[in-house]
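Chemist: give me the fold of what follows.
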Amino acid sequence: MRNFYKLALSVTAVVGLLSCSTNIPMTTALDNDIVYTLEVNDSIPVTFSIENQVPESSFFQYKKAVRATLTPVEEEMVFNEYVVMDQMMKDFLRYRFTGDSGSDPAQINMALKSVAIYSEATENDKATSMNSIFIISGTRLYTAEVQVEVTITHDGQTTRRTIYGKGNVLRESFRKTKGDVGAFSHVLNQANNRVVYFTNQFLKDLGL
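Modeler: Model prediction:
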């Protein structure tokens, strides 16, 4: 039977079932492709704010079999997406807009709407419940998805756009270990960089 592991927002009812947690090491690094290709605007100052609309700050791992309901497993995966996205956007905007004076700054507001991280077995995954006892590795596809809403106000005009960022990577994995945190950290950074990239495209579409 194909196993599917998914990390999603927890609900209060299952919190008591989870007994331990693992912190995912997060990075705020911007992709070189974003930094090196920026079209710098030195004439318009900007202000930036971010609102966290994700109801919980920690995410929990679930196990799902085909046509079965989600059941919580013991490990809680914890990371602070709001803090990381805030820092990445501020770093990006500091590179993108170098003007620090002006009477009509562009206002950029971001709302963090949702975050999901999950991993799925591939056809090469050999880490079944039985052979994981013998520490046989398998290959899993790790994915992160981030959704934000960006609102830009400039020259009396307000425009909104929903932006999605997604990252994924194939990694060797040992079932029921904490070795997955590096893969999740990698795909979260990928997804966050996609959010920054598409926010930059939004700014360019508005002539900023």
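
Chemist: can you pull the buried residues of the helix or strand Ala183 falls within?
Modeler: Assessed by DSSP states H and E, Ala183 sits inside helix 181-205. For helix 181-205, a neighbour-count test (16 or more other CB atoms under 10 Å) marks 181, 183-200, 202-203 as buried. For every residue, glycine as well, the C-beta is placed using N, CA and C.

Chemist: cool, stretch 93-102 as well?
Modeler: 93, 96-97.

Chemist: got any ranges where this structure has weak pLDDT?
Modeler: By pLDDT under 70, the low-scoring segments of the chain are 1-21, 55-76, 101-102, 123-138, 173-179.

Chemist: wait, Glu39 sits on Gly207?
Modeler: No: Glu39 lies out of contact with Gly207 (CB atoms under 8 Å); the separation is 10.9 Å.

Chemist: tell me the backbone dihedrals of the closest residue to Pro105 other than its chain neighbours, please.
Modeler: Spatial nearest neighbour of Pro105, chain neighbours left out: Pro45 (4.2 Å); criterion: CB to CB, 6 or more residues apart in numbering. Pro45 adopts backbone torsions of phi -80, psi 160, taken as degrees, to the nearest 10.

Chemist: doesn't Phe97 make contact with Pro45?
Modeler: Yes: assessed by CB under 8 Å, Pro45 is found in contact with Phe97 at 6.6 Å.

Chemist: what touches both of those two?
Modeler: By CB atoms under 8 Å, 6 or more residues apart in numbering, Pro45 and Phe97 have these common neighbours: Ala106.

Chemist: Met77 and His186: what is the separation?
Modeler: For Met77, the distance to His186 (CB to CB, to the nearest Å) stands at 14 Å.

Chemist: please apply the same query to Ala29.
Modeler: 11 Å.

Chemist: repeat that for Asp155.
Modeler: Asp155 is 39 Å from His186, by CB to CB.

Chemist: just Thr143 next, same as before
Modeler: Distance, Thr143 to His186, using CB to CB: 11 Å.

Chemist: what is in contact with these two at once?
Modeler: Gly167.

Chemist: beta partners of Asn168?
Modeler: Thr143 (DSSP bridges).

Chemist: who touches the nearest residue to Arg194 once chain neighbours are set aside in this structure?
Modeler: In space, not counting the residues next to it along the chain, Arg194 is nearest to Gly165; the distance is 3.4 Å by CB to CB, 6+ apart. Neighbour list for Gly165: 145-148, 190-198 [criterion: CB under 8 Å, 6+ apart].

Chemist: got the angle between the helix or strand where Gly165 lies and helix 181-205?
Modeler: Assigning secondary structure by DSSP H and E places Gly165 in strand 157-173. Orientation check (axes from the mean of the first three to the mean of the last three CA atoms, to 10 degrees): strand 157-173 against helix 181-205 gives 160 degrees.
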